[in-house]
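S.K.: here is a sequence together with a model predicted from it:
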Amino acid sequence: MADFDLVVRGGTVVTAERTLQADVGVRGGKVAEVRAGLPAGATEIDARGKLVMPGGIDSHCHVEQRSSSGVMCADDFYSASVAAAFGGTTTIMPFAAQHRGDSIPAVVDDYAKRAAEKAVVDYAFHLIVSDPTPQALQEDLPAMVKRGITSLKIYTTYELLRLKDDEVLDVLLAADRERALVMVHAENHEVIQWIARRLLERGHKAPKFHATSHHPIAEAEATHRVISLTRLLDVPALIVHVSGIEAIEAIRAGQKLGASIHAESCPQYLFLTADDADKPGLEGAKWCCSPPPRDARSQEAVWQALKDGTIGIYSSDHAPYRFDATGKLPHGEATTFKEMANGVPGIQARMPLLFSEGVGKGRITPNEFVALTATNHARMYGIAPRKGTLDPGADADIAVWDPQREVTLSASMMKDNAGYTPYEGRTVKGWPVQVLVRGQLVVDDGRLLAARGSGRFIPCGTPAPVARAGERRDNAAGAFRRLIDS
Ligand code: URP
Ligand code: ZN
Ligand code: ZN
């Protein structure tokens, strides 16, 4: 009998911490041993000339999710997870979205059922909380944490999602009590609405004006405000989809003051700019997301923040809406920038873009690539060391990358249902040719091998920033906190 179910042989193993020439032996779906010269496996993958890395974790994607304005995104758990796998991602973390009036347990049951039937990669959930009632915060949140959902997203914008500052404080406090991590979409709603109204009054309706209204100062103001609220309570939080210079400066300032503020950015802020939405007619809607892509200087600021650790998480914020009446164009040709669904697809292109432009162009090391696309996510959301590493004992979620393979991105190769890609025509160098989840091949050189529903729910433990929060309580903020929360 073979020593291993599978040996991935002869590749260069890259984790967040190290790079070595080694074989990876897999037994029972777990990494069993990593060293050169392993004995034979029952099956073998020849990885000579390839990089063997942990499969990616995409901790921000919208899948089979209805927006607050009632628009269903284009992907279900099957198409989104297939697209993720083809792009080297082996765990996705979408949202179970509570809309106002919804019961959180019912919402989560519904998402869990749909994902279990369809996903081909492993998955965990964050909760979106738009209705922070006493029931939601005191009863439902603790129950969700027990169930393995230990992170939740809140919004400071979108009319039907946004929380007022006192509600943000309620959520931060409740989450901290339950050892859950709060992710924040930080943009100043009233500034955005004020600019948008004035633009529309002056006849500026085209998609490119979306970026004008979602001004970087609106993002920076809300980012600063949210950080201030976390400092008041001495609790951690993670600012999602950070778009550029202004917000990064607010985050750096908060971090310098000792706030436990973590940050995420996405491909659209590295590889797109506001000019991409400046297209004839409504075409530019395909490039509109919130916050919007900014400019070349902001792209450089995001690269720098990824490099220096200010931003530790690189996710897709995959939010696929079709370019028709079901998504981007609810009023057909008459749709204004205020009426388009916000979001861009990116679950498949996320890792190849960063590999090509980051590792390939020498901006980040291969180890930093693994940290930014997998390991940091696992730690941030409490699924380490099961996910995000190739250490013995971890799930054998492996992506074998051909660093020389050149691929031109196009809608026709994307497995999601958006029908377009904002990266159309770009050539990337470096591609995940084999992708395994728990030791099973999901993608083998362009062929899908996994069955619908083969992905598993991964319960999250305590997020790392939350686990460390207690260490910092012996201070003035801690005394204040005891006064208002005992
Ligand atoms: O435009 C975006 N990002 N749409 C998705 C929803 C969100 O706010 O992340
Ligand atoms: Zn958001
Ligand atoms: Zn999002």
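M.R.: Here it is on my side, so go on. Residues are numbered from 1 along each chain as shown. Ligands and ions are numbered 1, 2, ... in the order given.
S.K.: check contacts around the one residue in the stretch 351-486 of the chain that gets nearest to ligand 1.
M.R.: Nearest to ligand 1, among the residues of the stretch 351-486 of the chain, is residue 422, at 11.9 Å (CB to the nearest ligand atom). The way it works is simple: take the backbone N, C-alpha and C, and place the C-beta from them, glycine included. Going by CB atoms under 8 Å, 6 or more residues apart in numbering, residue 422 touches 268, 272, 276, 286-287, 344-346.
S.K.: now, these that are in helices?
M.R.: Under the assignment DSSP state H, the contacts of residue 422 contribute residue 268 to helices.
S.K.: okay if I get the contacts of residue 422 as CSV plus pLDDT and distance to ligand 1?
M.R.: Below are the contacts of residue 422 laid out as CSV (pLDDT from 0 to 100; distance: CB to the nearest ligand atom, whole Å):
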residue, pLDDT, distance to ligand 1
268, 99, 8
272, 98, 12
276, 98, 14
286, 98, 12
287, 98, 11
344, 98, 7
345, 98, 11
346, 98, 10
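S.K.: among the contacts of residue 422, which one is most surrounded by other residues?
M.R.: Counting neighbours by other CB atoms under 10 Å, residue 345 comes out on top of these with 33 neighbours.
S.K.: who in the stretch 101-250 of the chain is up against ligand 1?
M.R.: Contacts of the stretch 101-250 of the chain with ligand 1, taken as CB under 6 Å from any ligand atom, map to 185, 241.
S.K.: name every strand pairing with whichever helix or strand residue 45 is part of and say which way it goes.
M.R.: Secondary structure from DSSP states H and E places residue 45 in strand 41-46. Strand partners for strand 41-46, identified by DSSP bridges, are recorded as strand 4-14 (parallel).
S.K.: now the helix or strand just after the strand it pairs with: buried residues?
M.R.: Later in the chain than strand 4-14, the nearest helix or strand by DSSP H and E is strand 19-27. By neighbour count on 16 or more other CB atoms under 10 Å, the buried set for strand 19-27 is 22-27.
S.K.: need those residues in TSV (columns: distance to residue 87).
M.R.: Output for the buried residues of strand 19-27, formatted as TSV (distance: CB to CB, whole Å):
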residue	distance to residue 87
22	25
23	25
24	21
25	26
26	22
27	27
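S.K.: what ranges does the stretch 101-250 of the chain have for its strands?
M.R.: With DSSP state E, counting those that start in this stretch as the criterion, the stretch 101-250 of the chain has strands at 122-123, 126-128, 151-155, 181-185, 237-239.
S.K.: with mean pLDDT and mean neighbour count added, can I get those in a markdown table?
M.R.: A markdown table is the format used below for the strands of the stretch 101-250 of the chain (pLDDT from 0 to 100; neighbours: other CB atoms under 10 Å):
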| stretch | mean pLDDT | mean neighbour count |
| --- | --- | --- |
| strand 122-123 | 99 | 26 |
| strand 126-128 | 98 | 25 |
| strand 151-155 | 98 | 24 |
| strand 181-185 | 98 | 26 |
| strand 237-239 | 98 | 27 |
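S.K.: buried residues in stretch 211-221?
M.R.: Taking 16+ other CB under 10 Å as the criterion, stretch 211-221 shows 211-216, 218-221 as buried.
S.K.: go ahead and confirm residue 303 touches residue 270.
M.R.: Yes - taking contacts as CB atoms under 8 Å, residue 303 lies within contact range of residue 270: 6.6 Å.
S.K.: quick one: residue 110 and ligand 1, what's the gap?
M.R.: Distance, residue 110 to ligand 1, using CB to the nearest ligand atom, to the nearest Å: 19 Å.
S.K.: show the contacting residues for the residue lying closest to that residue once chain neighbours are set aside.
M.R.: Of all residues not flanking residue 110 in the chain, residue 96 sits nearest, at 7.7 Å (CB to CB, 6 or more residues apart in numbering). Residue 96 makes contacts with 107-108, 110-112, 125-128, 149, as judged by CB under 8 Å, 6+ apart.
S.K.: looks to me like residue 96 is in a strand.
M.R.: Yes - under DSSP: H, G, I helix; E, B strand; the rest coil, residue 96 sits within a strand.
S.K.: who is it paired with across the strands?
M.R.: residue 127.
S.K.: how about the contacts made by the residue in the stretch 51-200 of the chain positioned nearest to ligand 1?
M.R.: Residue nearest to ligand 1 within the stretch 51-200 of the chain (CB to the nearest ligand atom): residue 185, separated by 4.8 Å. Shown in contact with residue 185 (CB under 8 Å, 6+ apart): 153-158, 161, 240-241, 290.
S.K.: any idea how far residue 60 is from it?
M.R.: Applying CB to CB, to the nearest Å, the value for residue 185 to residue 60 is 10 Å.
S.K.: mind listing the shared neighbours of the two?
M.R.: 240-241.
S.K.: show me what the lowest-mean-pLDDT helix or strand in the chain is packed up against.
M.R.: Within the chain, no helix or strand scores below helix 476-484, which has a mean of 83 by mean pLDDT, DSSP states H and E. Counting contacts by 3 or more CB pairs under 8 Å, 6 or more residues apart in numbering; DSSP states H and E, helix 476-484 packs against helix 216-233.
S.K.: which strands or helices does the helix it packs on pack on?
M.R.: Packed against helix 216-233 by the contact rule (3+ CB pairs under 8 Å, 6+ apart) you find helix 165-177, helix 189-201, strand 237-239, helix 245-256, helix 476-484.
S.K.: contact partners of it?
M.R.: By CB under 8 Å, 6+ apart, helix 216-233 touches 156-157, 165, 168-169, 172-173, 176, 184, 186-188, 191-192, 195, 236-237, 239, 242-247, 249-251, 253-254, 257, 259-261, 291, 294, 298, 477, 480-481.
S.K.: could I get the helices and strands packed on helix 216-233 as JSON lines with distance to residue 358?
M.R.: Shown next, in JSON lines, are those (distance: least, CB to CB, whole Å):
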{"stretch": "helix 165-177", "distance to residue 358": "32"}
{"stretch": "helix 189-201", "distance to residue 358": "31"}
{"stretch": "strand 237-239", "distance to residue 358": "21"}
{"stretch": "helix 245-256", "distance to residue 358": "17"}
{"stretch": "helix 476-484", "distance to residue 358": "36"}
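S.K.: most neighbours per residue, which of the ones you listed?
M.R.: Scoring the helices and strands packed on helix 216-233 by mean neighbour count under mean count of other CB atoms under 10 Å gives strand 237-239 as the most buried, with a mean of 27.
S.K.: partner strands of that strand, with direction?
M.R.: As defined by DSSP bridges, the strand partners of strand 237-239 come to strand 181-185 (parallel), strand 261-265 (parallel).
S.K.: residues in contact with residue 367?
M.R.: Residue 367 makes contact with 14-19, according to CB under 8 Å, 6+ apart.
S.K.: mind giving me the ChimeraX select for these, buried ones only?
M.R.: Entered in ChimeraX, the line below selects the buried ones among these, by 16+ other CB under 10 Å:
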select :14,15,16
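S.K.: is ligand 1 contacted by stretch 302-315?
M.R.: No - Stretch 302-315 is not in contact with ligand 1 by CB under 6 Å from any ligand atom; minimum separation 9.8 Å.
S.K.: just the terminal-to-terminal distance for that stretch.
M.R.: 13 Å (CA to CA, to the nearest Å).
S.K.: now swap in stretch 167-185 and tell me
M.R.: Per CA to CA, stretch 167-185 runs 14 Å from first to last residue.
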